[in-house]
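Student: next comes the sequence, and after it the predicted model I'd like to discuss.
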Amino acid sequence: MIKMVLDINLQLGNFSLLVNEEIQLSKINLILGPNGAGKTSLLRCISGLEIKSKGLIKVDNTIWQDSPLFIKPHLRDVGYVFQDSRLFNNMSVKDNLLFAKKRALNNHSFDLDEIIRILELESLLDRHPLTLSSGEKQRVAIARATIRKPVVMLMDEPLSSIDIKRRKDIIPYIERIPSEYGIPIIYVTHNIEEVTRLADKVITMSSGKITSINKISGPGISLSNENNESSTLIEGKIISHNEDISKIDLSGQFISIPKLNLDNGKKIRLNINSKDVAISTIFPKGLSIRNVLKAEIESINNLEEFLVEINLKINKKYIKAKITKKSYEDLSLKKGQEVYALIKSVSVEGMSLI
Amino acid sequence: MIYELEPVWISIKLAFITTTILLLIGAPLAWWLANSSSKIKPFIEALVAMPLVLPPTVLGFYLLIILGPAGKIGSFWIDITGSSLTFSFTGLVIASIIYSLPFAVQPIQNSFESLGKKTLESASLLGASPIDTFFNIASPLSIRGYITAAVLVFAHTLGEFGVVLMVGGNIPGSTKVISIAIYENVETLNYQQAHILSLGLLIFSFVILLTVYTMNRKIPLNRYR
């Protein structure tokens, strides 16, 4: 996968975007952050839509911007999927795809039939964009951006205009772009389910700056949503199944979850809500919770007046536990202390388990 | 009878030529106005709209001076062609183009503006240059603007009187258009001939407008939502 060098400075009224980062792109790179963090602005700068941006943008060995040099958007080898599909209503679905194919840079593009097959568009080809559902429109928009074989695909909340129930149907198509074509995606979203399902790398932003970059295969990615709920996304590996339990390896320790219909050795993403993790100073007995992991307290953060967030190190991974200040004081927990993490519940790709 | 119908033919020829030239000039100008953030944009917009507010006599007066043998353009024209621009059909075409410019530019510009930036951004990120986008996305999506512009220019040219009279005069077979012929017939109390031309123009204009508005209803609004 490719490397992106960004040194961007964009001033838009009161808002300023300041990004100076070298990002080794994974397959799907999510950008998370509150409204106004500059996620969309960053995508627009990379694609060349923000003509006021200054600085350097280098993708692999190609320079897209090195102010005053500014490559116009139509000459950048980029794919872009907007929130709204922005199909051209003066042409059919097929002509929308051909429009993009004909204008592919250096004439390198994917075969039309292949794209149609992968994104299952056969039945839509002769339709007019105005007659498509929002999910179908977005599938066409994804195909149209992919067919020109871009070096990187930018997606700005591509599922937000789609019915919640239908979003799951689109996700597999998005996953095919890096897996079948090797095109990395930079993907902006708010939705935590999309994060657990898609993220290989999570880039967090806040007030115009990148605040963290984490890989799923690393120590874990800490997430929080607008309700102040926090969770940790970590990767585990299925090592065995028995009748109704799958055993998962979390860097040397194991947890059991209800049986998944996946092969041994397959990696899965687990999302562990901090509220679902309890702490015990001794190995607990006579408990209904089966998943007990040995952990070391890495750090302790005071939250509101009655809550404490404990960062727990489990071998090479991290998870977080949210407990009351009262229990924190009663247990007299300290940094570096060995404890047991009791995991009440985990979810896999949005499915709640245990 | 041939003599009486000649103004009709001259009017239609003038309207047709003016409409064709104005669509060719007006569309790129409308595109520039719709997308530019240049400082001179308001000046150009005001200039384009001037014929809407000025009495045709003011416009005709200045055109007469500029296009006349003593004017810059007029004398240059005489140098290269040997004939005068004023009181000629060519002079009428130039005057009509200037007089009807806002009727061509404004509807097309409105259509382009209603497409919004989103469509243009989407095209550019699929590899389309601005010119490519103009021809293959913006213009087909703005077809209603083009049709409205063409009809307004055509009808407006058929109906012009003041500018035509000042720049073209009343030369049978060259600059005597319908409106002038009607005026002349009324002046000479030839009401029957005035009736024929007036009623003909009235019915013709109505049929054209009716056709266009009916057609427009059948073309879907290609707006992005």
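Tutor: Okay, I see it.

Student: return the per-residue confidence for whatever residue of chain B ends up closest to chain A.
Tutor: Proximity to chain A, evaluated over chain B using Cβ to the nearest Cβ, is greatest for B:Gly127 at 3.2 Å. For the C-beta atoms, the positions are set from N, CA and C on the backbone; glycine is no exception. Looking at B:Gly127, its pLDDT is 95.

Student: to which secondary structure element is it assigned?
Tutor: For B:Gly127, there is no host helix or strand (DSSP states H and E).

Student: just checking, it touches A:Lys149?
Tutor: No. Look at B:Gly127 against A:Lys149 with Cβ atoms under 8 Å: they stay out of range, at 11.0 Å.

Student: shared neighbours, these two?
Tutor: Common neighbours of B:Gly127 and A:Lys149, counting by Cβ atoms under 8 Å, 6 or more residues apart in numbering or on different chains, are A:Ala104.

Student: of those two, which one has the most company?
Tutor: Between B:Gly127 and A:Lys149, B:Gly127 has the larger neighbour count (other Cβ atoms under 10 Å in any protein chain shown), namely 23 against 18.

Student: find the nearest non-adjacent residue to the more buried one, please.
Tutor: Nearest non-adjacent residue to B:Gly127, counting by Cβ to Cβ, 6 or more residues apart in numbering or on different chains: A:Arg103, 3.2 Å away.

Student: wait, that neighbour touches B:Leu125, no?
Tutor: No. Judged on Cβ under 8 Å, A:Arg103 makes no contact with B:Leu125 at a distance of 10.2 Å.

Student: which parts of chain B are helices?
Tutor: Here chain B has its helices, by DSSP state H, at B:2-35, B:41-53, B:56-67, B:72-81, B:89-124, B:130-133, B:139-141, B:143-159, B:162-168, B:178-187, B:191-218.

Student: can I get the ones you listed in CSV including mean pLDDT?
Tutor: Below are the helices of chain B laid out as CSV (pLDDT from 0 to 100):
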stretch, mean pLDDT
helix B:2-35, 91
helix B:41-53, 95
helix B:56-67, 92
helix B:72-81, 90
helix B:89-124, 94
helix B:130-133, 95
helix B:139-141, 94
helix B:143-159, 92
helix B:162-168, 91
helix B:178-187, 92
helix B:191-218, 86
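
Student: TSV for the ones you listed, including distance to chain A and mean neighbour count?
Tutor: As requested, the helices of chain B are exported to TSV (distance: least, Cβ to the nearest Cβ, whole Å; neighbours: other Cβ atoms under 10 Å in any protein chain shown):
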stretch	distance to chain A	mean neighbour count
helix B:2-35	12	18
helix B:41-53	17	13
helix B:56-67	37	18
helix B:72-81	38	13
helix B:89-124	4	22
helix B:130-133	7	16
helix B:139-141	4	18
helix B:143-159	8	21
helix B:162-168	37	23
helix B:178-187	37	19
helix B:191-218	15	13
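
Student: between the ones you listed, which one is closest to A:Arg197.
Tutor: helix B:89-124 (26.4 Å; Cβ to Cβ).

Student: can you state the direction angle for that closest one and helix B:56-67?
Tutor: Counting by axes from the mean of the first three to the mean of the last three Cα atoms, to 10 degrees, helix B:89-124 lies at 100 degrees to helix B:56-67.

Student: so how far is helix B:89-124 off the chain centroid?
Tutor: Between the centre of helix B:89-124 and the centre of its chain there are 11 Å (Cα atoms, centre = their mean, to the nearest Å).

Student: please name every helix or strand in contact with it.
Tutor: Judged by 3 or more Cβ pairs under 8 Å, 6 or more residues apart in numbering or on different chains; DSSP states H and E, helix B:89-124 is in contact with helix B:2-35, helix B:41-53, helix B:56-67, helix B:130-133, helix B:139-141, helix B:143-159, helix B:162-168.

Student: check the gap between the residue of chain B closest to chain A and B:Lys117 for me.
Tutor: 18 Å (Cβ to Cβ, to the nearest Å).

Student: next one: A:Ala278
Tutor: For A:Ala278, the distance to B:Lys117 equals 52 Å [Cβ to Cβ].

Student: ok so, going back, and of the helices of chain B, who's closest to A:Gly336?
Tutor: Among these, if distance is taken as Cβ to Cβ, the winner is helix B:89-124, at 52.7 Å.

Student: and residue 189, backbone torsions?
Tutor: Reading this off chain A. Here is the backbone geometry of A:Thr189 (degrees, to the nearest 10): phi -160, psi 160.

Student: actually, chain B is the one I wanted.
Tutor: Per degrees, to the nearest 10, the backbone of B:Leu189 is at phi 60, psi 30.

Student: pLDDT score assigned to it?
Tutor: On the pLDDT scale, B:Leu189 is placed at 93.

Student: ok, the nearest residue to A:Phe82 once chain neighbours are set aside - how many residues close by?
Tutor: In space, and not counting its chain neighbours, A:Phe82 is closest to A:Asp156: 5.7 Å by Cβ to Cβ, 6+ apart. Residues near A:Asp156, counting by other Cβ under 10 Å, number 21.

Student: how near is A:Asp156 to B:Gln106?
Tutor: Distance from A:Asp156 to B:Gln106, by Cβ to Cβ: 34 Å.

Student: residues contacting B:Ile40?
Tutor: B:Ile40 touches nothing, counting by Cβ under 8 Å, 6+ apart.

Student: state the distance from it to B:Leu33.
Tutor: Distance from B:Ile40 to B:Leu33, by Cβ to Cβ: 11 Å.

Student: quick one on the thing from earlier: need the helices of chain B in JSON lines with distance to A:Leu32, can you?
Tutor: Shown next, in JSON lines, are the helices of chain B (distance: least, Cβ to Cβ, whole Å):
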{"stretch": "helix B:2-35", "distance to A:Leu32": "34"}
{"stretch": "helix B:41-53", "distance to A:Leu32": "40"}
{"stretch": "helix B:56-67", "distance to A:Leu32": "61"}
{"stretch": "helix B:72-81", "distance to A:Leu32": "64"}
{"stretch": "helix B:89-124", "distance to A:Leu32": "24"}
{"stretch": "helix B:130-133", "distance to A:Leu32": "33"}
{"stretch": "helix B:139-141", "distance to A:Leu32": "35"}
{"stretch": "helix B:143-159", "distance to A:Leu32": "42"}
{"stretch": "helix B:162-168", "distance to A:Leu32": "64"}
{"stretch": "helix B:178-187", "distance to A:Leu32": "68"}
{"stretch": "helix B:191-218", "distance to A:Leu32": "47"}
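
Student: interface residues of chain A facing chain B?
Tutor: Neighbours of chain B within chain A, by Cβ under 8 Å from any Cβ of the partner chain: A:47-49, A:72-75, A:78-80, A:82, A:84, A:86, A:88-91, A:99-100, A:103-105, A:130, A:144-145, A:148.
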